[in-house]
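Colleague: output the structure for:
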Amino acid sequence: MSALNYNINDMPDGGGDFEPIPAGNYTVTITEAEVKDTKAGTGQYIKLRLDVMGPTHQGRVLFSNINHRNPNPKAEEIGKAQLGSIMRAINIIDLTDTDQLVGGNMEVKVTVKDDPTYGKGNEVKAYKAISGSAAPMATNAAPSADNASKPPWAK
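Modeller: From the prediction side, this is the model:
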């Protein structure tokens, strides 16, 4: 056991804002990405934590779940489309690990939904590259005949 000496009257209010951010487009950074099992145990999803960088509401956090494996083919197809949008937005050609997503910056379209169980909250509806970002380049292309015979430092 460790002794503590705190009084509630001396403690700052660290409450936090649980109100959803307004619908709109926001620049975010992916700060966490992990594969989780669905509650039913019949599939998996990629859980993303997205930290808002701007243009407003910096420091707020959004979450997005992307279907990875699902017994419903339509749900899995939607998840693949969403993941493809994210990969294009953050310039990933071959995704082999969720760690590759972490640190990616992109723009997201956020809406406000009214869930009967949890009340009002945000939902990420679309993902795209930040304006002016370069499109992903193929990294597994065969080297040109011109470069194939040169040592790596001369290419």
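Colleague: may I see the buried residues of the lengthiest strand in the chain?
Modeller: For the chain, the strand with the greatest residue count under DSSP state E is strand 24-37. By 16 or more other CB atoms under 10 Å, the buried positions in strand 24-37 come out as 26-28, 30, 33. C-beta: built from backbone N, CA, C; applies to glycine.
Colleague: again with stretch 117-124
Modeller: 121-122, 124.
Colleague: which residues touch that stretch?
Modeller: Residues from elsewhere that reach stretch 117-124, judged by CB atoms under 8 Å, 6 or more residues apart in numbering: 19-21, 50, 62, 64, 108-115.
Colleague: which one of those residues is nearest to Gln44?
Modeller: Minimum distance to Gln44 across these is 14.7 Å, recorded for Ser64 (CB to CB).
Colleague: quick one: the helices in the chain?
Modeller: With DSSP state H, the ranges of helices along the chain come out as 73-89, 145-148.
Colleague: got those helices as CSV, with distance to Asp37 columns?
Modeller: Formatted as CSV, the helices of the chain follow (distance: least, CB to CB, whole Å):
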stretch, distance to Asp37
helix 73-89, 14
helix 145-148, 45
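Colleague: follow-up on the earlier one: so what strands line up beside the longest strand of the chain?
Modeller: Applying DSSP bridges, strand 24-37 is found paired with strand 44-54 (antiparallel), strand 105-115 (antiparallel).
Colleague: mean neighbour count added to the ones you listed, as JSON lines?
Modeller: JSON lines is the format used below for the strands paired with strand 24-37 (neighbours: other CB atoms under 10 Å):
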{"stretch": "strand 44-54", "mean neighbour count": "18"}
{"stretch": "strand 105-115", "mean neighbour count": "16"}
